[in-house]
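Colleague: when you get a sec, could you give me coordinates for this:
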Amino acid sequence: MLRHPPPPLHNLHGHLHSGAEEPIFRVLPADVLANLRHATSENALLWNLVYPRARPSLSLAQIVALRPLWGTVAESECGDALLPYFWGYSADGNRLPGLDEALLAVDGPVGQTEVDLILLGKSSLVVAEVKNHAGLGRCARFFAGRCPEVSAPPGPSEEGCRYWQVGEGEFLSLLDFGPRPTADTAPPPCAGHYQLARTLQVGAALARFLQRELHLWLIIPHARWREHELAWLDFVGHIRSADLWRRMRVLAWEDLAKLPRVQPG
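Modeller: Numbering: from 1, shown residues only. The predicted model follows:
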């Protein structure tokens, strides 16, 4: 938890190309605001890329017409207008309906999943993991030797990892991660794909709540695709649903930047 208060809004003006006066900056968590103070931060790049092109919405058809770094051909019916939610909030400062319920159902009361960008349409829901210099998150407990399944397997009355338990957060509902990990197995897929798997589970729970069709995207700089390619290909290889697999994409920051900006009116 941050020990310092969030930065004054005027400190953001030099880093945000537009929209620094939007109500969202009065409700965002302190850690998000602190990251926005840096002009080259992931959060500042995300806002500066998406906000000027999504007033009031983004066209799903225009996005899927972009050539992805990875993904299937554009869908035939994709005319949805997508309203962006940054870190769970619209530019107007409104919390995305159903998100907190989905987070609670998947992660429990002390959950940590944060979805950088959610795009909500009339029929579609896009959850996007956005990366600049950072890598995809792995399971810190596993690599620190604290996985409850491997380091201290649960007894009959004890709970193990919630993502291996039946419920909204169960990885096996959407991902073929193989048998439940034990102390005798090699590092399980859930450890390496922890961030993407949790984002997928939150997206699926939210899509069910909102009755939308789920899409999962990864947005990265073009130059970093080689670094992420093997991990992404391994992750999507575990997806159980062929339909969901076809709605997954990897997009480059640079290609999204080709979308038209909306001129202030």
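Colleague: residue ranges for the helices of the stretch 1-150 of the chain, please.
Modeller: Using DSSP state H, counting those that start in this stretch, the helices of the stretch 1-150 of the chain run over residues 30-36, 42-50, 60-65, 99-107, 140-143.
Colleague: now do the buried residues in the fourth one.
Modeller: To tie it back to what came earlier, the one meant is helix 99-107. 99, 102, 103, 105, 106, 107 (16 or more other CB atoms under 10 Å). All C-beta spots, glycine's among them, are computed from the backbone N, C-alpha and C.
Colleague: and the first one, by the same measure?
Modeller: Of the residues in helix 30-36, those buried under the neighbour-count criterion (16+ other CB under 10 Å) are 32, 33, 34, 35, 36.
Colleague: over to the third one?
Modeller: Of all the residues in helix 60-65, those buried under the rule 16+ other CB under 10 Å are 60, 62, 63, 64.
Colleague: quick check: closest non-adjacent residue to residue 120.
Modeller: Of all residues beyond its chain neighbours, the one nearest residue 120 is residue 83 (5.0 Å), with distances taken as CB to CB, 6 or more residues apart in numbering.
Colleague: doesn't residue 121 make contact with the one you found?
Modeller: Yes - contact criterion CB atoms under 8 Å: residue 83 and residue 121 qualify, at 7.4 Å.
Colleague: residues contacting residue 120?
Modeller: Applying CB atoms under 8 Å, 6 or more residues apart in numbering to residue 120 gives the contacts 82, 83, 85, 96, 126, 210, 212.
Colleague: which of those tops the neighbour count?
Modeller: For those, the largest number of neighbours (other CB atoms under 10 Å) sits with residue 126, at 27 neighbours.
Colleague: which residues does that one bridge with?
Modeller: As for beta bridges, residue 126 partners with residue 119, residue 215 under DSSP bridges.
Colleague: gap between it and residue 182?
Modeller: Note on residue 126: its distance to residue 182, by CB to CB, to the nearest Å, is 36 Å.
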